[in-house]
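J.: Need a 3D model of the sequence below.
(chains A and B)
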Amino acid sequence: MLRLRNATQPDIPVYRKEIKKRCIMNSRGLRSQLKDSVPVAGLCPQGAYGVQDSLRSGFTCVKNELLPSHPLELSEKNFQLNQDKMNFSTLRNIQGLHAPLKLQMEYRAARQIQRLPFLPSSNLALDTLRGSDESIGFEDILSDPAQSEMMGEPHMMVEYKLGLL
Amino acid sequence: MALSNVLETPAAGFNFDNAARNAALEGLFDGAKTPNPMKTGTTIAGVVFKDGVVLGADTRATSSDVVADKMCAKIHYISPNMYCCGAGTAADTEKTTDLLSSNLTIFSMNSGRNPRVVMAVNILQDMLYRYHGQIGASLILGGVDCTGNHLYTVGPYGSVNKVPYLAMGSGDLAALGILEDGFKHDLELEKAKELVRDAIHAGIMSDLGSGNNIDICVITKEGVDYIRPYQESQYKDKRKMKYKYQPGTTAVLTEKVVPFHVEVVQETVQQMDTV
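T.: This next block holds a predicted model:
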């Protein structure tokens, strides 16, 4: 509030702090810059202690796990997440905390309406909430999960989803 | 066949599983390169005239140094009042314009209105920016809606430009020179068509990636006139597509008939029981 009242004078201590922060950030290494980016949900290996499951996924090299091989891989994996974050934070700034809270409650409820993991779910409620039932994108044409060529073992998929695996 | 290493169904949309493999393979091939996608090294142009918009394009699609398609259609349908010319990777322009057209059809069915050109441009810009230029499509979008006649260009990285005359593609420099020289505001229909034809012709003459015929598309409030081809190239080859010959094509020189005698050796009759 104080900053708003004295809007004509620049807030010098804050500005100096920001410059310092910027200098520090540029000298950090690649690994920590990766950490600053959006958390990668799928690129890190699953399972206990974050170690690669050699029995199921085979041998792998560390580089593949840290850095994506395609420039779009990370941004596409997290695209929906990022859009939602952006929209909710804008909504919070405009309308207050209650608006994104209520919407997120609805999203959580709609996300739970699913079939078992190895069967294709229609996600109808989620699509209606997001507005993606009125638009066509690449996710409707390419790699349609309803037409997937690979089928997972049902028992293992359910155990994985419940966290028992 | 249920696989036991699949723990989650793969997400819909683009699949980047093979990107690491492709990067590794590229290092392995010493001289040979990975196959090139078909590009439309192109000249496309558009002009806003008094009653609407004229779009023009050549019809050559190249795959590195070879002409892959001589009658390629580069002016794509978006909606009854909008057409889009595409330069860049052929598949990308086709798929992008198809997606755009589908989205606008759903919108117009939902709302009962004809879509505006700005809406199409915004959808394209969002889509192309999301993929950071990996979708190689440079598009010229022209249309007539309730707010007037519009011509926009969308670059592969999502940049948008609204201008009264425009050329894109590998032959755009030559075409732009003709357009800069001959463009005036509120041209008549025939003059506008001639200007676009001259621009595309300049692109064809000066650029190896453009050639063959010229297509013109005129969009006005009354409707669309898609003239394909507007002008055919004079270097057509006379190849027959079908090689089926009529009986009598080759003359019969001599005819010799040899009768073939058949002797009946044995005859047996067996009755069938049909009850």
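J.: would you put the C-alpha positions of the lengthiest helix in chain A in PDB?
T.: Using DSSP state H, we find that the single longest helix of chain A is helix A:79-95. Only the C-alpha atoms of helix A:79-95 are listed here, as PDB (Å, rounded to 0.1, in the frame of the first residue of the first chain):
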ATOM      1  CA  PHE A  79       1.100 -26.800 -21.500                       C
ATOM      2  CA  GLN A  80      -2.200 -27.500 -19.900                       C
ATOM      3  CA  LEU A  81      -0.800 -27.000 -16.400                       C
ATOM      4  CA  ASN A  82       0.800 -23.700 -17.400                       C
ATOM      5  CA  GLN A  83      -2.300 -22.400 -19.000                       C
ATOM      6  CA  ASP A  84      -4.400 -23.200 -16.000                       C
ATOM      7  CA  LYS A  85      -1.800 -21.600 -13.600                       C
ATOM      8  CA  MET A  86      -1.800 -18.400 -15.700                       C
ATOM      9  CA  ASN A  87      -5.600 -18.300 -15.900                       C
ATOM     10  CA  PHE A  88      -6.100 -18.900 -12.300                       C
ATOM     11  CA  SER A  89      -3.600 -16.300 -11.200                       C
ATOM     12  CA  THR A  90      -5.200 -13.700 -13.500                       C
ATOM     13  CA  LEU A  91      -8.600 -14.600 -12.100                       C
ATOM     14  CA  ARG A  92      -7.300 -14.300  -8.600                       C
ATOM     15  CA  ASN A  93      -5.900 -10.900  -9.300                       C
ATOM     16  CA  ILE A  94      -9.100  -9.700 -10.800                       C
ATOM     17  CA  GLN A  95     -11.800 -11.300  -8.800                       C
END
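J.: Tell me the buried residues in that helix?
T.: Using 16 or more other CB atoms under 10 Å in any protein chain shown as the test for burial, helix A:79-95 gives A:88, A:91. Glycine gets a C-beta too; all of them are placed from N, C-alpha and C.
J.: for stretch B:162-175, same thing?
T.: B:164, B:165, B:166, B:167, B:168, B:169, B:170, B:171, B:172, B:174, B:175.
J.: ok, back up a step: do the longest helix of chain A and chain B meet at all?
T.: Yes. Helix A:79-95 comes into contact with chain B (CB under 8 Å from any CB of the partner chain), by way of residue A:79.
J.: Which strands or helices does that helix pack on?
T.: helix A:98-111 (3 or more CB pairs under 8 Å, 6 or more residues apart in numbering or on different chains; DSSP states H and E).
J.: got the angle between the helix it packs on and helix A:79-95?
T.: Helix A:98-111 and helix A:79-95 are oriented at 150 degrees to each other (axes from the mean of the first three to the mean of the last three CA atoms, to 10 degrees).
J.: average model confidence for helix A:98-111?
T.: Averaging pLDDT along helix A:98-111 yields 94.
J.: Run through who's touching the next helix or strand after it.
T.: Next helix or strand after helix A:98-111 toward the C-terminus (DSSP states H and E): helix A:124-130. Contact with helix A:124-130 is made by A:103, A:106, A:107, A:109, A:110, A:111, A:113, A:133, as judged by CB atoms under 8 Å, 6 or more residues apart in numbering or on different chains.
J.: of those, buried ones?
T.: Using 16+ other CB under 10 Å, the buried members of those are A:107, A:110.
J.: Closest to chain B out of the contacts of helix A:124-130?
T.: residue A:133 (9.3 Å; CB to the nearest CB).
J.: Just give the nearest non-adjacent residue to that closest one, would you?
T.: residue A:127 (4.2 Å; CB to CB, 6 or more residues apart in numbering or on different chains).
J.: quick one: that neighbour from residue B:143, how far?
T.: Per CB to CB, to the nearest Å, residue A:127 is found 29 Å from residue B:143.
J.: Repeat that for residue B:70.
T.: On the measure of CB to CB, residue B:70 and residue B:143 end up 28 Å apart.
J.: which one of these two has more residues nearby?
T.: residue B:143 (28 against 14; other CB atoms under 10 Å in any protein chain shown).
J.: Now do the SS call for that one.
T.: Per DSSP: H, G, I helix; E, B strand; the rest coil, the secondary structure class of residue B:143 is strand.
J.: Which strand residues bridge the residue nearest to it when sequence neighbours are not counted?
T.: Distances taken as CB to CB, 6+ apart put residue B:82 closest to residue B:143, at 3.3 Å, once the chain neighbours are dropped. When bridges are called by DSSP bridges, residue B:82 pairs up with residue B:79, residue B:143.
J.: What's the local residue count around residue B:82?
T.: Using other CB under 10 Å: residue B:82 sits among 27 other residues.
J.: Rebuild the contacts of helix A:124-130 as JSON lines, extending it with distance to residue B:266.
T.: What follows is the contacts of helix A:124-130, written out as JSON lines (distance: CB to CB, whole Å):
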{"residue": "A:103", "distance to residue B:266": "94"}
{"residue": "A:106", "distance to residue B:266": "90"}
{"residue": "A:107", "distance to residue B:266": "89"}
{"residue": "A:109", "distance to residue B:266": "88"}
{"residue": "A:110", "distance to residue B:266": "85"}
{"residue": "A:111", "distance to residue B:266": "84"}
{"residue": "A:113", "distance to residue B:266": "81"}
{"residue": "A:133", "distance to residue B:266": "78"}
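J.: which bits of the stretch 51-200 of chain B sit near chain A?
T.: B:99, B:102, B:103, B:106, B:107, B:110, B:127, B:130, B:131, B:132, B:134.
J.: For chain A, what's the nearest residue on the stretch 101-250 of chain B?
T.: residue B:102 (4.8 Å).
J.: Run a quick neighbour tally on that residue.
T.: 16.
J.: Count the residues that sit near the nearest residue to residue B:19 once chain neighbours are set aside.
T.: Using CB to CB, 6+ apart and skipping the chain neighbours, the partner closest in space to residue B:19 is residue A:70 (3.8 Å). Neighbour count of residue A:70, defined by other CB under 10 Å: 17.
J.: what phi and what psi does the backbone show at residue A:70?
T.: Main-chain dihedrals, residue A:70, degrees, to the nearest 10: phi -120, psi 140.
J.: Among the residues of the stretch 51-200 of chain B next to chain A, name the buried ones.
T.: Buried, going by 16+ other CB under 10 Å: B:99, B:102, B:103, B:107, B:127, B:130, B:131, out of those.
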